[in-house]
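# Okay, here's the prediction I keep looking at, along with the sequence it came from:
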Amino acid sequence: MRAIGPLTPEEAPERSRELLEGIIGRHGSAGDMVATMAHSPALLQGYLDFSRALKRVKLPRRLSEQISIAAQGWIGCGTCMAAHTAAARAAGLSDTDIALAREATAADPREAALLTFAVRVLAEPASITTDDVAELRAHGWTDRTIADVVGLVSLNLLTGSFNLVAGIKPEED
């Protein structure tokens, strides 16, 4: 059952109205999650800014989608999982790659280490030690990559949690 419904620009608070009108003007529609986030101008602005900023991560698209799938596998948002699975396929990931990512692992040991780390950032960040970070570096990951993973996980927590609280479900085919 839907807990929070989407808003049209006319129904939204002033700042959200401006943001929604801009999105609709550029893309033709705002999307269900964004229109629902419009209840809170601060949340909507923060999400848009954070999402835009994280488009500049230096991870290959395939890997960022694997990270998102791993995070959403833990969070449990079907809407986000469906979106990231479709994006992963578009980025060239196989069904096997996607299935492994849902389990926070990968065939490549370097990627597997990063996916495991991503889920730990989400589930138990206080447990991560300097040795864990050193292990990622030993796999060849840079501090920038490690920081980017924390950002991607945080964005996935925001979107997945919001969708679950609002009651946004995946669209039926």
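The structure has been received and is ready for your questions. Here the structure is a predicted model, which means the values were calculated and not measured.

# Excluding sequence neighbours, find me the nearest residue to Gly92.
Arg62 (6.1 Å; C-beta to C-beta, 6 or more residues apart in numbering). All C-beta atoms are positioned from the backbone trio N, CA, C, and that covers glycine.

# Ok, Ala82 next?
Pro170 (4.4 Å).

# Met37 now?
Closest to Met37 by C-beta to C-beta, 6+ apart is Leu44, at 4.4 Å.

# Please apply the same query to Glu10.
Nearest one to Glu10, counting by C-beta to C-beta, 6+ apart, is Arg17 at 7.3 Å.

# number of nearby residues for the one you found?
The number of residues packed near Arg17 is 17, by other C-beta atoms under 10 Å.

# cool, Ile24 as well?
Neighbour tally, Ile24, other C-beta under 10 Å: 16.

# Name the helix or strand for it, please.
Here Ile24, judged by DSSP states H and E, is contained in helix 14-27.

# Can you tell me which helices and strands the strand or helix carrying Thr85 packs against?
In this structure, Thr85 sits in helix 78-90 according to DSSP H and E. Other helices and strands packing on helix 78-90, by 3 or more C-beta pairs under 8 Å, 6 or more residues apart in numbering; DSSP states H and E, are helix 61-75, helix 95-102, helix 143-166.

# report the angle between the axes of that helix and helix 95-102?
Helix 78-90 runs at 140 degrees relative to helix 95-102, counting by axes from the mean of the first three to the mean of the last three C-alpha atoms, to 10 degrees.

# How about residues contacting helix 78-90?
33, 61-62, 65-66, 68-69, 72-73, 97-98, 101-102, 156, 159-160, 163, 168-171 (C-beta atoms under 8 Å, 6 or more residues apart in numbering).

# buried subset of those residues?
33, 62, 65-66, 68-69, 72-73, 97-98, 101-102, 156, 159-160, 163, 168 (16 or more other C-beta atoms under 10 Å).

# still on that earlier bit, what is the subsequent helix or strand relative to the helix holding Ile24?
Following helix 14-27 in sequence, per DSSP H and E, is helix 32-37.

# Now do that next one: which elements does it pack against?
helix 14-27, helix 41-54, helix 143-166.

# Kindly recompute the last result at 10 Å.
Packing partners of helix 32-37 (3 or more C-beta pairs under 10 Å, 6 or more residues apart in numbering; DSSP states H and E): helix 14-27, helix 41-54, helix 78-90, helix 143-166.
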